[in-house]
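>>> This is a predicted model, with the sequence first.
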Amino acid sequence: MTKVPALAPRLLLTTLGVIFRALACDYDGTLATADRIEPAALEALTRARESGLKLILVTGRVFFELTRVCERLDLFDAVVAENGGVIYHPGSGAIYDQGPPPPMRLLAELDRRGIWYQLGRVVVGAARRDEDAVQEALEAAGVSRELIINRSALMLLPAGISKGTGVRQVIRDLGFSFHDILALGDAENDGEFFSACGWAGCPGDAVPAIRERADWVFPGEDGRSVAAAITGPILSGRLPVHLSPGHRLTLGWATGSAAPVTIPTRCVNVLVQGDPVSGKSWLVGALVERLVADRYAVCVIDPEGDYAVLRGLPAVAYEHVDGDEAMARAVSLFDANPAACVVADLSDLALPDRVRVTESGLRALAERRRRLGLPHWLVVDEAHSSLHVDAVAEAAAEPDGGGLCLASYRSSRIRPLLTASIDIFVLARTTDPQELAFLCERLTAAGVDGAAVAAALPGLPKGEFVLIQAGPDGRPSALSFVPMPRETVHVRHLAKYADARVGAGRRFVFRHPDGYEVASAESLTEFLRIVERVDPGVLDWHARRGDFSRWVRDVFSDEELGRQLRKTENRWARGELAELAQSLARPVQARYGA
């Protein structure tokens, strides 16, 4: 187990913006008391609508009775009535039944037994005290209906219909992700409703089962409690969304204890820093896999083709970006799919074009995040190559409320505006003195013992990481961990292939820039030996032509190693590497054990 130094008192989270696009509110006991919406709740709903939030009313009430008791249905963008049995859009007046009407023989059996009931378009309402008699009536009539409890009420519905199914349909109609919806409810039948939404809150007098499922329990009762929550922490963005235990991503296991290591899913910015071939891109790929599995919308800006392997996931759209129009098409995928994952591969663009296209993409993504709240996460790999002060304009690179993940081996070059917004550090082995000095300064500014962390990083084993983040009490913690397995990892080649000879016709010929041959390699092992001793000018000439990566791709069909060598060639051409031979050897040795 790698020892991680103790940290100083506090690491502050800096991004707690409003993340909700809609409020989905129960009626009785949540907004309404004695049939009517509380005046304070009515005012709060009006303010929420004026702020741009959509409003969804969710109730077990029979639809026609709801139109009688609720005088402001016009405030809502959609109404889910009869416990999911009916969907109504006040703006258009459209009403949709989500199930068949109650069978007449069931009503006749209830009448024959003298059981009071209330008839809806889909639901039959009864009193909970009559549950046994209602069950007997269903059996006598030969009718299948599920019995749903709502405090003192009982609802009879076709199988498969619930508040949850109705809310899911409305969320699709509105084009939102369920991650962006806050549910507010108080009774037993709100459990399915909570499950359909990303977040949940309830008043203090909610039933115990609902209080246990809620992310937040607001003090007070009924509509007054919910009104205070809406006008207070909800609209002001002061809800501590990053502390919700139900909204975390598992990255791996702590070294030594094997305890799960998690980070919040929303309202945090993450920096993944480490040397080349330290595993940082591998870890970011794992993070993307977890987000996709949980149906978060993700955009990956991939400047060097490291994330092509994610094409193996059904939910991922892999876009080969060769200009501004292609980038615009990639970004537009979020307009139609609130759970899209888009990988924008810019690896074939020259650096100036790559920076320009990245900037246009960031501007388009910022507009969609303001308008749609999508994508939830923006991942920028090799962030130092496009997000430094001489590249993408600062206006296009502003952090906007979290969901930003930057990966880099030269974080010191990233705009200070962005590095100052980082909440969570995931650090791999780092040996560059300039990067260690930067991390020391940045962590110290965040209230961490930066010098101690920087001293530990050069000795961190490959495949092990240090996580630094604030805990529920606001105090920072640091621990080393090993990541969970990746779903899309595929290593087709074993170490023995390093000695496999490809034949004279497919050998790599090392040539002087003047054209004459100086050496040749028929295996990767030979290639490494020659790289160590050949004239640096020869390596420079081949690297600038992209010959090394081309040979590995064409001869060994190893796209992954080819991408790694292409990254090295690009970095050498940009003047980012001090020594070429070791930089070429490192990815070959890491992949084949050569």
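It's in.

>>> Longest helix in the protein, by number of residues?
In the chain, taking DSSP state H as the definition, the longest helix is helix 351-372.

>>> same question for that helix, mean pLDDT?
Mean pLDDT, computed over helix 351-372, is 93.

>>> How about residues contacting it?
The contact list for helix 351-372 (Cβ atoms under 8 Å, 6 or more residues apart in numbering) reads 21, 175, 299, 301, 303, 321, 323-324, 327-328, 330-331, 334-335, 338, 344, 346, 349, 374-375, 378, 380, 385-386, 391-393, 396-398, 400-401, 570, 574. Where you see a C-beta, it was placed from the backbone N, CA and C, and this is true even at glycine.

>>> So which bits of it are buried?
354-362, 364-366, 368-369, 372 (16 or more other Cβ atoms under 10 Å).

>>> do stretch 109-126 as well
Buried residues in stretch 109-126, defined by neighbour count with 16+ other Cβ under 10 Å: 109, 110, 115, 117, 120, 121, 122, 123, 124, 125, 126.

>>> related to what we said a few turns ago, neighbouring strands for the helix or strand following the longest helix of the chain, and are they parallel or not?
Downstream of helix 351-372, the next assigned helix or strand under DSSP states H and E is strand 377-380. The strands beside strand 377-380 in its sheet (DSSP bridges) come out as strand 298-302 (parallel), strand 404-408 (parallel).

>>> Please export the C-alpha coordinates of the helix or strand where residue 250 lies as CSV.
Assessed by DSSP H and E, residue 250 sits inside strand 248-254. The C-alpha trace of strand 248-254 is given here as CSV (Å, rounded to 0.1, in the frame of the first residue of the first chain):
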residue,chain,number,x,y,z
ARG,A,248,-21.9,8.6,-6.5
LEU,A,249,-19.7,6.8,-9.0
THR,A,250,-17.4,4.0,-7.9
LEU,A,251,-13.9,4.4,-9.2
GLY,A,252,-12.2,1.5,-7.5
TRP,A,253,-11.0,0.1,-4.2
ALA,A,254,-8.8,1.7,-1.5
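
>>> and for that strand, what are the contacting residues?
259-265, 283, 286-287, 290-291, 294, 426, 465, 467, 479-484.

>>> switch the cut-off to 10 Å
For strand 248-254, the surrounding residues in contact (Cβ atoms under 10 Å, 6 or more residues apart in numbering) are 1, 4, 242, 258-266, 283, 286-287, 289-291, 293-294, 296, 424, 426, 464-465, 467, 479-485.

>>> which ones among those residues are found in helices?
When the contacts of strand 248-254 are checked against helices (DSSP H), the matches are 283, 286, 287, 289, 290, 291, 293.

>>> Pull the number of nearby residues for the fourth one.
For residue 289, the neighbour count with other Cβ atoms under 10 Å is 24.

>>> Test my guess that it contacts residue 486.
Yes - with contact defined as Cβ atoms under 10 Å, residue 289 counts as touching residue 486 (6.3 Å).

>>> what residues are shared contacts of those two?
Contacts common to residue 289 and residue 486, judged by Cβ under 10 Å, 6+ apart, are 309, 310.

>>> any weak-confidence spans in this protein?
Applying pLDDT under 70 to the chain flags the ranges 1-18, 400, 489-497, 593-594.

>>> and the residue of it most remote from its centre, what are its phi and psi?
Residue farthest from the centre of the chain, counting by Cα atoms, centre = their mean, is residue 112 at 55.2 Å. Torsion angles at residue 112 (phi, psi; degrees, to the nearest 10) stand at phi -60, psi -30.

>>> Correct me if wrong: residue 73 contacts residue 79.
Yes - contact criterion Cβ under 10 Å: residue 73 and residue 79 qualify, at 6.2 Å.

>>> overlap in contacts of these two?
Common neighbours of residue 73 and residue 79, using Cβ under 10 Å, 6+ apart, are 57, 66, 67, 88, 90.

>>> give the contact list for the fourth one.
Same thing as residue 88. Residue 88 is in contact with 57, 63, 66-67, 73, 76, 78-82, 94-96, 170, counting by Cβ under 10 Å, 6+ apart.

>>> What helix or strand is it located in?
For residue 88, the enclosing helix or strand under DSSP H and E is strand 86-89.

>>> again with the first one
In this assignment (DSSP H and E), residue 57 forms part of strand 54-58.

>>> Report all helices and strands that the very next helix or strand once past that strand contacts.
Sequence-wise, the next helix or strand downstream of strand 54-58 (DSSP H and E) is helix 63-69. Here helix 63-69 touches strand 78-81, strand 86-89, strand 118-119, going by 3 or more Cβ pairs under 10 Å, 6 or more residues apart in numbering; DSSP states H and E.

>>> Roughly how far does residue 175 sit from residue 77?
Applying Cβ to Cβ, to the nearest Å, the value for residue 175 to residue 77 is 11 Å.

>>> which one of the two has more residues nearby?
Neighbours per residue, other Cβ under 10 Å: of residue 175 and residue 77, the larger number sits with residue 77, 17 against 13.

>>> got a list of what the more buried one touches?
Counted by Cβ under 10 Å, 6+ apart, residue 77 has contacts 22, 49, 53-57, 89-91, 170, 173-174.

>>> go again using 6 Å as the cut-off
By Cβ atoms under 6 Å, 6 or more residues apart in numbering, the contact set of residue 77 is 54, 55.

>>> what do you get for residue 168?
Neighbours of residue 168 in contact, by Cβ under 6 Å, 6+ apart: residue 196.

>>> 8 Å instead, please
Listed by Cβ under 8 Å, 6+ apart, the contact partners of residue 168 are 178, 196.

>>> now it: how far from residue 85?
Note on residue 168: its distance to residue 85, by Cβ to Cβ, is 14 Å.

>>> What of residue 291?
Counting by Cβ to Cβ - residue 291 and residue 85 are separated by 34 Å.

>>> Between these two, which has more neighbouring residues?
residue 85 (30 against 21).

>>> one step back: which single one of the ones in helices among the contacts of strand 248-254 is nearest to residue 139?
residue 293 (42.5 Å; Cβ to Cβ).

>>> What's the local residue count around the closest one?
Taking other Cβ under 10 Å as the criterion, the count of residues near residue 293 is 12.

>>> now do residue 477
Applying other Cβ under 10 Å, we find 14 residues neighbouring residue 477.

>>> ok, it - contacts?
7, 468, 469, 470, 471.

>>> Return the residues in contact with the third one.
Shown here is residue 469, whose contacts under the criterion Cβ under 8 Å, 6+ apart are 11, 263, 268, 423, 424, 425, 476, 477.

>>> Could you dump those into JSON lines and include distance to residue 509?
JSON lines is the format used below for these (distance: Cβ to Cβ, whole Å):
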{"residue": "11", "distance to residue 509": "53"}
{"residue": "263", "distance to residue 509": "48"}
{"residue": "268", "distance to residue 509": "50"}
{"residue": "423", "distance to residue 509": "50"}
{"residue": "424", "distance to residue 509": "47"}
{"residue": "425", "distance to residue 509": "44"}
{"residue": "476", "distance to residue 509": "54"}
{"residue": "477", "distance to residue 509": "54"}
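
>>> Among the residues you listed, which ones are in strands?
Secondary structure from DSSP state E places 263, 424, 425, 476, 477 of these in strands.

>>> Any idea what the fourth one is bridged to?
According to DSSP bridges, the residues that bridge with residue 476 are residue 470.

>>> can I assume it is in contact with residue 467?
No - contact status for residue 476 versus residue 467: not in contact, 10.4 Å apart, counting by Cβ atoms under 8 Å.

>>> Domains of the protein: list them as residue ranges, please.
For the chain, automatic domain parsing gives the domain ranges 19-94+162-239, 99-160, 269-434, 495-592.

>>> Rebuild the ones you listed as a markdown table, extending it with distance to residue 450.
Below are the domains of the chain laid out as a markdown table (distance: least, Cβ to Cβ, whole Å):
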| stretch | distance to residue 450 |
| --- | --- |
| domain 19-94+162-239 | 29 |
| domain 99-160 | 55 |
| domain 269-434 | 10 |
| domain 495-592 | 24 |
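
>>> Starting from the one helix or strand residue 23 maps to, tell me which strands it pairs with and how they run.
Secondary structure assigned from DSSP H and E places residue 23 in strand 22-26. The strands beside strand 22-26 in its sheet (DSSP bridges) come out as strand 54-58 (parallel), strand 181-184 (parallel).
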